[in-house]
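Colleague: Show me how the following folds:
(4 chains)
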There are 2 protein chains.
Amino acid sequence: MYYTISQLAEQFDISTRTIRYYEERGLISPIRTESGQRLYTKKDRAVLKLILRGKRFGFSLEEIHEMISLFDNDRTGRKQLEKTIAYGEQKLKEVTERIEDLMQLKQEMESILADFRERLQKMEGTK
Amino acid sequence: MYYTISQLAEQFDISTRTIRYYEERGLISPIRTESGQRLYTKKDRAVLKLILRGKRFGFSLEEIHEMISLFDNDRTGRKQLEKTIAYGEQKLKEVTERIEDLMQLKQEMESILADFRERLQKMEGTK
DNA sequence: ATTTTAATTTACGTTTACGTAAAAGTCAAG
DNA sequence: CTTGACTTTTACGTAAACGTAAATTAAAAT
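Modeller: Numbers count the residues shown, from 1 in each chain, chains lettered A, B, ... in the order given. From the prediction side, this is the model:
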């Protein structure tokens, strides 16, 4: 039902310190046993996964924090909901731009590689 | 013909310190005037652009350094060329994975946004 | 020619994202 | 019940990527 901190650490191959640090920064909020030990739910696990993915994209923990609040805050008021949608659209745009940017990089890398392979071909011919 | 450091800094909206730091780390190598001032060519500018793009993708300066050496090192020997190609293929794979990862994130964000928009619709109905 | 603006090196400071160690309490196994 | 593995908080340490300030020199503008 619940995960301990070291179980999660092992699953994601990160340190317990890292997980506690994310908590310090307000990114994750496990419940506690009466004795004070942290217990993580499936949802907490999902949040952690989100954090790590965000990191791979080069987002700062601060940015990730904002993005997470998109998910779990119950945006009840209409105004709040509108603001959330606007923010989400903005982030979506950023992600889309990043994808395009990355695809361009991929193209460039492919053409450079093609060039190198060609050169190698010619060398094989001579030697 | 040449750019000064502050021209580049302005063009890319970064500090001159940042550019000098990249030089410290061996990522960029401008020529100098007799008095010691840095002069940047178009190629230097292109490298700087590459660096900044790499950063947006969350690559460290160290990784970017390696990737840059792909471009400007004249890999003359066959062995060298093979190594370079292998490294390039590896990096290309990483980039491809990142793109896929990002596209998945995009999908998730879109579905969350769709959900929010739906909620908003229902609220407009009642109020 | 002299201000003003820009550049250089040197060097210490700062933030982010953790690592690491210590001291103390807790849980699980034998 | 004790040993050992795990967890907690507190706190200092660290690497990366710059920021910032000082002292000096050079270039551009008036």
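Colleague: which residues touch residue A:63?
Modeller: Contacts here follow CB atoms under 8 Å, 6 or more residues apart in numbering or on different chains; on that basis residue A:63 touches residue A:54. (Glycine included, C-beta is placed from N, CA and C.)
Colleague: Same question for the one 3 residues further on.
Modeller: Contact criterion CB under 8 Å, 6+ apart gives residue A:87 as the residues in contact with residue A:66.
Colleague: so residue A:48 is in which element?
Modeller: Using DSSP states H and E, residue A:48 sits within helix A:42-56.
Colleague: The helix or strand just after that helix near DNA strand D anywhere?
Modeller: If you walk from helix A:42-56 toward the C-terminus, the next helix or strand you reach (DSSP H and E) is helix A:61-72. No: under the criterion of CB under 7 Å from any atom of the strand, helix A:61-72 makes no contact with DNA strand D; the nearest approach is 13.2 Å.
Colleague: and the following helix or strand past helix A:61-72, what's its mean pLDDT?
Modeller: Counting by DSSP H and E, the element after helix A:61-72 in chain order, helix or strand, is helix A:78-126. Regarding helix A:78-126, the rounded mean pLDDT is 85.
Colleague: again, but for stretch A:30-39
Modeller: The predicted model gives stretch A:30-39 an average pLDDT of 96.
Colleague: try stretch A:51-65
Modeller: Taken as a whole, stretch A:51-65 has an average pLDDT of 88.
Colleague: how does chain A divide into domains?
Modeller: Chain A breaks down into these structural domains: A:1-59, A:74-127 (assignment by automatic domain parsing).
Colleague: of all these, which lies closest to DNA strand C?
Modeller: Between DNA strand C and those, the shortest gap by CB to the nearest atom of the strand is with domain A:1-59, which sits at 3.4 Å.
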